[in-house]
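Asks: need the 3D shape of this:
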Amino acid sequence: MRPSRVQRVGRVAAVVLAAFAQMWREHNRFRVVWAARMVTTFLFLAPIFLMSRAYGSEGFAASGGGRDFVTFAAVGLVVIGAATRPMAATIAYFRNANRVGLLPALWTTPAPRWALGLGASLAALTDAVVEGAIVIALAFLVFGPSTQAVSMLAVIPLLFGLATFWGLGLVFGSLFLATRLWAAEAVVSGILLALAGTVFPITILPWSVRWLSYALPHTYVLDALRHLVLGTPTIAPLPVDLAIAGASAVLAVLGGIVLFRRAEREAARRGVIGLYT
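Replies: Residues are numbered from 1 along each chain as shown. Okay, the predicted model is just below:
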């Protein structure tokens with residue numbers, strides 16, 4: 001008998017919750033992990049704050065970064081963590097399951113396999129949100145609070161960014177099924193840190209590389225988010241920023257699901273699920 005829609009939704013929810021619980025326990029068993037994450041990010045903000053004190057913020061503001069130097073960088077670092085960590089968690093979930101020999105068993109789950117990635121990514125997102133809130137609170141406590149009024153519309157580009165990288169997580173998860181090794185988090189994080197305006201306005205980049213910044217969807221996510229949080233000028237009109245961010249989110253999610261389904265069918269056909277356990 002074919003399961004009803006309610007039963008299918010229930011199975012997907014159960015798989016998502018199980019993957020969430022597993023990843024949460026694995027990532028948060030040791031308090032020192034949380035301390036290391038927060039201290040590392042906080043120490044990254046400290047020299048930025050000191051440079052702003054030493055050299056002033058006039059040039060930074062003239063480049064479109066505003067005068068809230070530390071908050072500009074804090075927002076970028078928190079958002080890049082919230083975006084890329086769920087992407088990396090999707091890949092890590094399948095990689096770790098493959099390493100300990102559980103991947104074939106997971107493939108018999110009576111629910112879409114992308115639900116496993118969704119649960120893992122939600123656990124990583126929860127980590128990033130809690131950690132980011134603590135980092136921003138520490139930055140405000142030590143460096144002084146921001147005086148900017150935050151618009152509730154800032155949630156929109158943030159959700160677009162999260163959706164984009166969840167879709168990319170499925171894309172890179174598909175590549176893992178084929179290659180068994182893919183350092184996507186380091187590659188993507190490095191590109192975004194250097195080119196998407198994570199800690200500095202992209203307008204200070206030379207045109208020889210700045211065109212790459214305009215080709216990255218995350219550039220428009222950060223641009224719109226900072227405009228709504230800090231009031232900084234946008235590199236494109238706000239509706240254009242949101243349209244590009246929204247379109248990239250839809251394409252990444254749909255493309256990720258389609259590619260992942262094709263990859264898992266091909267991996268099952270070739271009999272390579274769990275081959276390298």
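Asks: helix or strand: which one has the most centrally placed residue in the chain?
Replies: By Cα atoms, centre = their mean, the chain has its centre lying nearest to Ala83, at 1.2 Å. Taking DSSP states H and E as the criterion, Ala83 maps to helix 69-99.
Asks: that helix: which residues count as buried?
Replies: For helix 69-99, burial by neighbour count (16 or more other Cβ atoms under 10 Å) applies to 69-94, 97-98. In short, each C-beta sits where N, CA and C put it, glycine included.
Asks: gap between the helix or strand following that helix and the chain center?
Replies: Moving toward the C-terminus from helix 69-99, the next helix or strand (DSSP H and E) is helix 103-106. Taking Cα atoms, centre = their mean, to the nearest Å, one finds helix 103-106 lying 26 Å from the centre of the chain it belongs to.
Asks: give the rounded mean pLDDT of helix 103-106.
Replies: Averaging pLDDT along helix 103-106 gives 72.
Asks: mind giving me the packing neighbours of the helix or strand just after it?
Replies: Counting by DSSP H and E, the next helix or strand C-terminal to helix 103-106 is helix 114-143. With contacts defined as 3 or more Cβ pairs under 8 Å, 6 or more residues apart in numbering; DSSP states H and E, the packing partners of helix 114-143 are helix 5-27, helix 31-55, helix 69-99, helix 155-179, helix 238-270.
Asks: worst average pLDDT in those?
Replies: When these are ranked by mean pLDDT, helix 31-55 comes last with a mean of 69.
Asks: how long is stretch 88-108 end to end?
Replies: Terminal residues of stretch 88-108 are spaced 23 Å apart (Cα to Cα, to the nearest Å).
Asks: for stretch 117-125, give the mean pLDDT please.
Replies: Computed over stretch 117-125, the average pLDDT equals 83.
Asks: please name the residues that touch Val166.
Replies: No, residue 166 isn't Val; it's Trp. 86-87, 90, 117-118, 121, 252-253, 256 (Cβ atoms under 8 Å, 6 or more residues apart in numbering).
Asks: pick the one among those closest to Ile204.
Replies: Taking Cβ to Cβ as the measure, Ile204 sits nearest to Met87 out of these, at 27.0 Å.
Asks: that closest one contacts Val187, correct?
Replies: No - when contacts are counted by Cβ atoms under 8 Å, Met87 is not listed as touching Val187 (10.9 Å).
Asks: give me the contact list for stretch 122-130.
Replies: Contacts for stretch 122-130 (Cβ under 8 Å, 6+ apart): 16, 19-24, 27-28, 78, 81-82, 85-86, 88-89, 162.
Asks: and if we set it to 7 Å?
Replies: Contacts with stretch 122-130, where a contact means Cβ atoms under 7 Å, 6 or more residues apart in numbering, come from 16, 20, 23-24, 27, 81-82, 85-86, 89, 162.
Asks: which two among those residues are spaced furthest apart?
Replies: Most distant of those, by Cβ to Cβ, are Val16 and Gly81, 21.4 Å apart.
Asks: ok now stretch 119-129, how far from the chain's centre?
Replies: With Cα atoms, centre = their mean as the basis, stretch 119-129 stands 9 Å off its chain's centre.
Asks: picking up where we left off before, figure out which of the helices and strands packed on helix 114-143 is closest to Ala111.
Replies: Nearest of those (Cβ to Cβ): helix 5-27, 4.3 Å.
Asks: how about the closest one: buried residues?
Replies: 11-12, 15-16, 19-20, 22-24, 27.
Asks: distance from it to the middle of the chain?
Replies: 20 Å.
Asks: show residues contacting it.
Replies: The contact list for helix 5-27, computed with Cβ under 7 Å, 6+ apart, reads 89, 93, 109-112, 115-116, 118-120, 122-124, 127.
Asks: check contacts around the nearest residue to Thr198 once chain neighbours are set aside.
Replies: Once flanking residues are discounted, Thr198 sits nearest to Gly76: 3.9 Å by Cβ to Cβ, 6 or more residues apart in numbering. Residues near Gly76 by Cβ under 7 Å, 6+ apart: 197-199, 222.
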